[in-house]
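Visitor: okay, here's the prediction I keep looking at, along with the sequence it came from:
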Amino acid sequence: MAHTITDNTVRLQVQMKTNVPLALRFMLNDIKDTAEPNTPKKTGMLRTNVRMRVNGSIGSIKWGQKYAKYQERGYTSGEVRKYTTPGTGAHFAENAVRRVARRAERHFKRARIVG
């Protein structure tokens, strides 16, 4: 009785190289969308100036305003003033990352990394 063994290693490596960045992009978009309603808003610049970058298996998201880190931490420094609007406040980014990480499998499935 003859048996055939198929090595799919190369196909899977190529698939991962393509699909992992896709999953990261899905997750970054979800982080941005999840954080937006909780992001402090005075002029709206903090909510709109969000940069996302995916390079291979590394992704990053950054709120581009100089005062973003102070708003995230919930304190002031120098001329930066803490402000919030109803339903917003400190840790808007951290909380969004935690929520999205809990539902990461959804993004992996969407990117066809897991079944």
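Guide: Yes, it's here.
Visitor: now the closest residue to Gln65 other than its chain neighbours, what's its secondary structure?
Guide: Nearest residue to Gln65 in three dimensions, chain neighbours excluded: Leu46, at 5.0 Å (CB to CB, 6 or more residues apart in numbering). Where C-beta positions appear, they are placed from N, C-alpha and C, glycine not excepted. Using DSSP: H, G, I helix; E, B strand; the rest coil, the secondary structure recorded for Leu46 is helix.
Visitor: going forward can the numbers begin at 16, since that is how I track them
Guide: Got it, the first residue is 16 from now on, which makes the last one we talked about Leu61.
Visitor: I'd guessed Leu61 sits against Trp78; true?
Guide: Yes: checked against CB atoms under 8 Å, the pair Leu61 and Trp78 is within contact range at 6.1 Å.
Visitor: what about the nearest residue to Pro52 once chain neighbours are set aside, neighbour count?
Guide: For Pro52, the nearest residue in space outside its immediate sequence neighbours is Gly102; the separation is 6.8 Å by CB to CB, 6+ apart. Burial of Gly102, expressed as a neighbour count using other CB atoms under 10 Å, amounts to 9.
Visitor: same check, this time on the one 3 residues further on
Guide: The number of residues packed around Ala105, counting by other CB under 10 Å, is 17.
Visitor: now it: how far from Asn44?
Guide: Taking CB to CB, to the nearest Å as the criterion, Ala105 is separated from Asn44 by 23 Å.
Visitor: same deal with Leu37?
Guide: For Leu37, the distance to Asn44 under the criterion CB to CB works out to 11 Å.
Visitor: before I go, just wanted to say thanks for your time.
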